[in-house]
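In: Attaching a predicted model along with its sequence, questions to come.
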Amino acid sequence: MTRFALAVPRCVALVVLVAAGFAYGYLLVVAATLVLPYPLGLSGQFRLTALARRLARAWAGADLPDPVRSPPPAPHRRADGWYVHGETLFRSPRVPAFLLRLDHHAKDPTLGREWAWLMLTPVTGAVPLLVPPALIAAGLLLLASPPWPLAWSVPVAVAAIVAAFLLAPAALGAYGRWTGMLLGTGKPPRTAVGRWVTRTSAATWRGAGLAGLSLAAFGGLLLNLLTAVVSWGGLLPYTLPATRSVVELYRRHVRRWTGADLPAPYRPYPPPPSPGEDGNYRVGRVLYTDLVAAVEGQRPGWLFGDPATWRDQLWALGSLALAPLSFVPAVLVGFGFYGLFCQPLTWVSWAVPIGLSTGYWITPFYLWFGIEHVGLVGPWLPDWASMPLGLAVALLGLGLAGPLMRLRLAWDRLLLTPTAATVLASRVAHLATTRADAVDVQAAELRRIERDLHDGAQARLIAVGLGLAAVARLMETDPARARLVLAQAQETSAAALAELRDLVRGIHPPVLAERGLGDAVRAIALDTPLPVDVDVDLPHRLDAPVESAAYFVTCEALTNAARCAAHISVSLSHRDGVLRMVVADDGPGGADPVRGTGLRGVHRRLATFDGTLTLHSPPGGPTVVTMEIPCASSSPKTSTS
């Protein structure tokens, strides 16, 4: 009974605390705009939220440990007596200490969540707390001035008061869960509502950002039209790439913000023309004596003949109609938050110091439906209605963000993705390039085999033959020397056999053919003079050409890593039709394919199988080389481990 009896006054006390925190949060915004009193205001926020945590633990049963806040660092004093902050020197430590304190608070992860608790709790966590006091007030009002006969009013009033005491513990529990979500030291729980708000709020502002980029592309379209009119199209080859660069920036942001891939559909720049019989370079109907001028003369035909150029212009023109729609969610959310948080500043006279008194509004929001001059807020709608209306408008904006983003992506895919003809042309060009690379790789392998045979095994076998001929001559005249020459011939033949085995292993290792890719990589790891961890997750054997390519690119990556690392890890896996090989090392990093031929050779070998190579090697390490080959499993696993 004591728990139910104390729950109602606790609800009232927490409502008072929430209201005080709401007002203090607004004052903190004012302090932030003035900068100087901001750190002092934060100390008050820390005290309020500490009290909220303490009461939520004691009254609502919330698990809220107090956050551990480290003190801000002290200003650094130089040997000459000056204090330094960034690149500025100060005679006194007061200013650098103040700046360090601001930086320290800006990096505090709990600061923003505490301010969110101050501002959001009145319209979220405090709503359940208001239910028990409201029921008691309604019951007492019925007893004081009953609108019905006492036989009806008294039971209803008593029921309302009893319901208030019964619901008060549940209201405290709801408040404790809300407070724990925002003021807890860990991450907020990933509820369905939280995921929806996170996803739609991101779509709201990202849609506005994409709309701004599309308007920039429309500005490029206007520039192209103006250039076409002024220069009769002569300067278009120099202005069209500007629009193309804006569209490429748009593609990158779409990929980063939405995960949708909009591959570039542009045709590659044509190769330089070859000189004719007269030594001139022909581009269309024009002859050039200079190669640089001929290459530049290819620009108009390359741009005007590319369908993607005109599709970009059509997309920019259509985006002019989609841009206002993409701004709608952001505008609605902005108006909603204004009505939810900023409009209450006009209710009280303490808003006058920051220029917001009753009846006066900031100009950009003058059309807000809560303005009394418009007539929407009058005798029939009180001022406090701006908060629920603001919440409704903000939720409407969040709800529209997802569908409008999908509409924009559908328009983008219609015009910004490659057509079937462009994809086919790119595929043909890619196959021609990879075929040429494969032919070059095979020719290089044949030259290597010929060189190794000629300089190694062939020379040793000739030496063996000469040695045996010498043994035949010395058998009767000098048997001791003949035995010595025969021993040398045996050593030479053993060396030739070893070189032949190495040569065969370089063409196709026997362990790869017999045991599969996993055991072959384990074998090469054992031969590496560094500790190498190998993790193999290959449920089945792969096609022999794929296994051979994967083996040699992994060996090349291991060789590169062994030059500067102390420990290497190799991971082989096959998921969703993709063979993935990851070679990581603890070296100094800074690897660049441009500065070496090893990674370029790996990339060329992978390109033959439509594979990809991804290099992550920041300065200081670690270096991670990820190689992928699309393929399918062919036969059951035969590896022994």
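Out: Noted; the coordinates are in hand. Residues are numbered from 1 along each chain as shown.
In: contacts, neighbours, all on C-alpha from now
Out: Fine.
In: packing partners for the strand or helix carrying L240?
Out: L240 belongs to helix 236-258 when assigned by DSSP states H and E. Packing partners of helix 236-258 (3 or more CA pairs under 8 Å, 6 or more residues apart in numbering; DSSP states H and E): helix 192-231, helix 291-304, helix 307-337.
In: Name the residues of it that come out as buried.
Out: 236-237, 239-240, 242-244, 246-248, 250-254 (16 or more other CA atoms under 10 Å).
In: rewinding a little: quick one, which of the helices and strands packed on helix 236-258 is packed in tightest?
Out: Per-stretch averages of neighbours, counted by mean count of other CA atoms under 10 Å, single out helix 307-337 among those, with a mean of 20.
In: That one relative to helix 291-304, how many degrees between them?
Out: Interaxial angle, helix 307-337 versus helix 291-304 (axes from the mean of the first three to the mean of the last three CA atoms, to 10 degrees): 60 degrees.
In: For stretch 327-338, what is the distance to the chain centroid?
Out: Taking CA atoms, centre = their mean, to the nearest Å, one finds stretch 327-338 lying 26 Å from the centre of the chain it belongs to.
In: Look up phi and psi at P73.
Out: Dihedral pair for P73: phi -70, psi 150, per degrees, to the nearest 10.
In: And it, how close does it get to L99?
Out: According to CA to CA, to the nearest Å, P73 stands 10 Å off from L99.
In: Likewise for R447?
Out: R447 sits 67 Å away from L99 when distances are taken as CA to CA.
In: Arrange the helices and strands packed on helix 236-258 in TSV, one row each, with mean pLDDT as further columns.
Out: Output for those, formatted as TSV (pLDDT from 0 to 100):
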stretch	mean pLDDT
helix 192-231	84
helix 291-304	81
helix 307-337	86
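In: how's this protein carved up into domains?
Out: Using automatic domain parsing, the domains assigned to the chain come out as 2-69+108-183, 192-273+289-418, 421-506, 515-636.
In: before we move on, back to that, let me know the closest of the buried residues of helix 236-258 to P146.
Out: Ranked by distance to P146 (CA to CA), these are led by V254 at 62.7 Å.
In: wouldn't that closest one be in contact with V247 here?
Out: No. Using CA atoms under 8 Å, V254 is not in contact with V247; the gap is 10.4 Å.
In: Looks to me like H574 is in a helix.
Out: No. With DSSP: H, G, I helix; E, B strand; the rest coil as the criterion, H574 is assigned strand and is not in a helix.
In: wouldn't it be in contact with V536 here?
Out: No. Using CA under 8 Å, H574 is not in contact with V536; the gap is 9.3 Å.
In: Settle it for me: which of these two has more neighbours?
Out: H574 (21 against 18; other CA atoms under 10 Å).
In: And the pLDDT for the more buried one?
Out: Note for H574: predicted pLDDT of 86.
In: between R447 and L99, which one's more packed in?
Out: Just comparing R447 and L99: by other CA under 10 Å the higher neighbour count belongs to L99, 15 against 12.
In: Run through the residues that contact that one.
Out: H85 (CA atoms under 8 Å, 6 or more residues apart in numbering).
In: Give me the common contacts of V254 and V247.
Out: Contact criterion CA under 8 Å, 6+ apart; residues shared by V254 and V247: none found.
In: measure G173 to L166 for me?
Out: Using CA to CA, G173 is found at 13 Å from L166.
In: should've said T477
Out: Computed as CA to CA, the T477 to L166 distance reads 122 Å.
In: if you count what's nearby, which of the two comes out ahead?
Out: Neighbours per residue, other CA under 10 Å: of T477 and L166, the larger number sits with L166, 18 against 10.
In: so the more buried one touches F4, yeah?
Out: Yes. Counting by CA under 8 Å, L166 touches F4, with 6.4 Å between them.
In: got a pLDDT number for G355?
Out: If you check G355, the pLDDT there is 35.
In: I meant P382, not that one.
Out: At P382, the model reports a pLDDT of 55.
In: just P593 next, same as before
Out: As predicted, P593 sits at a pLDDT of 64.
In: how near is the nearest residue to Y338 once chain neighbours are set aside to V158?
Out: Nearest non-adjacent residue to Y338, counting by CA to CA, 6 or more residues apart in numbering: G390, 7.0 Å away. Separation of G390 from V158 (CA to CA): 35 Å.
In: Between the two, which has more neighbouring residues?
Out: Set G390 next to V158 and count neighbours by other CA under 10 Å: G390 wins out with 25 against 17.
In: For L64, grab phi and psi.
Out: The phi/psi pair for L64 (degrees, to the nearest 10) reads phi -130, psi 90.
In: Do I have it right that it meets L182?
Out: No. Counting by CA under 8 Å, L64 does not reach L182; the two are 9.9 Å apart.
In: where do the strands sit along the stretch 501-641 of the chain?
Out: Using DSSP state E, counting those that start in this stretch, the strands of the stretch 501-641 of the chain run over 532-537, 540-542, 568-575, 578-585, 612-616, 623-630, 633-636.
In: Against which helices or strands is the third one packed?
Out: Pointing back at strand 568-575 there. Strand 568-575 packs on strand 532-537, helix 544-562, strand 578-585, going by 3+ CA pairs under 8 Å, 6+ apart.
In: list the contacts for P133?
Out: Residues in contact with P133 (CA under 8 Å, 6+ apart) are 8, 11-12, 164.
In: isn't A591 right up against S617?
Out: Yes. Using CA under 8 Å, A591 is in contact with S617, at 5.7 Å.
In: who's more crowded, those two?
Out: Per other CA under 10 Å, whichever of A591 and S617 has more neighbours is A591, with 22 against 19.
In: which residues does the more buried one contact?
Out: A591 makes contacts with 617-618, 623, as judged by CA under 8 Å, 6+ apart.
In: Could you dump those into CSV with distance to F46 and pLDDT added?
Out: Formatted as CSV, the contacts of A591 follow (distance: CA to CA, whole Å; pLDDT from 0 to 100):
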residue, distance to F46, pLDDT
S617, 42, 80
P618, 39, 78
T623, 43, 84
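In: Can you tell me which of the residues you listed is closest to L111?
Out: Nearest to L111 among those: P618, at 31.8 Å, using CA to CA.
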